[in-house]
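1. Structure of the sequence below:
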Amino acid sequence: MKKIQLLLLLLFLYIGAYSQPLFSAIAEKDTVKAVELLKSGENINLLNSYGSTVLMQSCRYGYDTVMEKFLLQHGANPDNPRSPKGRTTLIIASAYYGGIPMVRLLLQYGADINAVTNDGVTALMMAAQSAKSDLVAYLLEHGAIAAAKDAQGKTALDYANKAQVDEYTIKSMPESKVDKAATIAILLKATGNKP
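-> Predicted coordinates:
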């Protein structure tokens, strides 16, 4: 019964997320159709019914950096609009399937590395929560603030300490090095503490 409910939920989310033509074209990696839609006036920064832009959706599901680059070259804004919770594309990429190549691309196109959600959460906190040690190090090297605190006073180190890492998490993020201990050590060093 739970499997059926999960499948129905996923189908519902898929239908809602891709009910707009541009979202469908990007999900299908059909750049020809996407260009036609953009030329006919389709808004590349439009939010879908779930509060995501097509760039956010692409980064959330880790389509590939070729698609993200295509969207950015055609005017997708990595920082605006934001999701209803105030998430930027960089925060979403850091939380889900985005690895260093995707994050590097977003930063090259002007993404704010220290942007915060409505709750004060940063991309660094999301990468730490996912225990993406390589991405945490990359974000820190490029100006992410390790001592930033969310609305509850938690830092990226707090997020790393609560990270839930299992075999599924590791396998589902092939572009990232998922390592909780390494993530904590990197953040301890960045905050001036000894690992």
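2. can we go C-alpha only for contacts and neighbour counts from here?
-> Noted.
3. quick one, phi/psi of Tyr138?
-> Geometry field for Tyr138 lists phi and psi as phi -60, psi -50, criterion degrees, to the nearest 10.
4. which residues touch it?
-> The neighbourhood of Tyr138, defined by CA atoms under 8 Å, 6 or more residues apart in numbering, consists of Ile100.
5. please redo it, this time with the cut-off set to 10 Å
-> Taking CA atoms under 10 Å, 6 or more residues apart in numbering as the contact definition, Tyr138 lies against Gly99, Ile100, Val103, Arg104, Leu124, Lys132, Ala144.
6. Ok, Arg87 next?
-> Shown here is Arg87, whose contacts under the criterion CA under 10 Å, 6+ apart are 51-52, 56, 79-81, 93, 115-123.
7. So which of the contacts of Tyr138 wins on neighbours?
-> Each of the contacts of Tyr138 was scored by neighbours using other CA atoms under 10 Å; the highest score is Leu124's, at 34 neighbours.
8. Enumerate the positions of the particular helix or strand that has that residue in it that are buried.
-> Following DSSP states H and E, one finds Leu124 within helix 123-129. Going by neighbour count (16 or more other CA atoms under 10 Å), the buried part of helix 123-129 is Ala123, Leu124, Met125, Met126, Ala127, Ala128, Gln129.
9. now stretch 146-154
-> Taking 16+ other CA under 10 Å as the basis for neighbour counts, the residues of stretch 146-154 that come out buried are Ala146, Ala148, Lys149, Asp150.
10. List the contacts of the first one.
-> For Ala146, the residues meeting the contact criterion (CA under 10 Å, 6+ apart) are 114, 122, 124-125, 136, 139-140, 155-157, 186-192.
11. The third one too?
-> Remark: with contacts taken as CA under 10 Å, 6+ apart, Lys149 is in contact with Val116, Asp119, Gly120, Val121, Thr122, Met125, Thr155, Ala156, Leu157, Asp158.
12. State the distance from the second one to Ala95.
-> Between Asp119 and Ala95 the distance is 15 Å, computed by CA to CA, to the nearest Å.
13. Can you verify my assumption that Asn114 contacts Asp150?
-> No: under the criterion of CA atoms under 10 Å, Asn114 is not in contact with Asp150, lying 11.6 Å apart.
14. Lovely, talk soon.
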